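Visitor: predicted model, plus sequence, below.
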Amino acid sequence: MISRKRRLEIALQKLKQLETRSAKLEQYTTPAAIAADVLWEAFNEGDIAGRRVVDLGCGNGIFAIGAKLMGASETLGVDIDGAAIELARENAKSLSVEVEFRESDVRDVRGEFDTVLQNPPFGAQTKHADRAFVEKALELAPRTYSLHNAGTEEFVSKLATALGGVSAAVKSYKLEIPYAFAFHRKSVETIPVVLLRFDRSR
């Protein structure tokens, strides 16, 4: 079990990233430094070790794998992209951790979990694409850690409240997205993001 943030970040840096990405799905890999920090926040709140954790829109599996490395009792990664699921399985195997990965739309996920970790699409390509992730997260677990474009914080917080949750801003980050699609104008785009914590109030 990894109990130091720096060691976790080093481990997560070893994970392979998707070679082909979908603009529609807004497939941007969560950087290891940010993922490690999010996991560390959740760990310090008692939401990782010994907990059942689900990573919605898992991509290369970084949150699910990181949670398992930090002592989660069960971890599930879900993604609609089959190629992402195959890569996530390969990444888990490379770090010798047992994580279940499932190809599925997040809206079809069922079960009971203690913690949701997610970096959902920001809705830049499909308006309110993050809505389904917020709805499902509050359905699946009493505690969620979710990364969002800072410009959507008010909308997401109001949505969480309408769904019976309480939203709190935990931290802010600058997410650097390398050039990946034709509509990108720079070699690296820097986007301010916010880590929101949702608590289910009913």
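Guide: Done, it's in.

Visitor: can you tell me how far Tyr173 is from Gly71?
Guide: 24 Å (C-beta to C-beta, to the nearest Å). Using the backbone N, CA and C atoms, a C-beta is placed for each residue, glycine as well.

Visitor: same thing with Arg102?
Guide: 22 Å.

Visitor: likewise Val156?
Guide: Using C-beta to C-beta, one obtains 29 Å as the distance from Val156 to Gly71.

Visitor: look at those two and report which has more neighbours.
Guide: Val156 (23 against 14; other C-beta atoms under 10 Å).

Visitor: in this structure the more buried one contacts Leu147, no?
Guide: No: counting by C-beta atoms under 8 Å, Val156 stays clear of Leu147, with 10.3 Å between them.

Visitor: what about the protein, any weak spots by pLDDT?
Guide: 20-27, 122-128, 178-188, 202 (pLDDT under 70).

Visitor: identify the residues contacting the residue nearest the centre of it.
Guide: Centroid-nearest residue in the chain, with C-alpha atoms, centre = their mean: Gln118, separated by 2.3 Å. By C-beta atoms under 8 Å, 6 or more residues apart in numbering, Gln118 lies in contact with Asp55, Leu56, Gly57, Phe63, Phe133, Ala137, Thr144, Tyr145, Ser146, Leu147.

Visitor: now swap in Arg51 and tell me
Guide: Contacts for Arg51 (C-beta under 8 Å, 6+ apart) come out as Ala67, Ala72, Ser73, Phe113, Asp114, Thr115.
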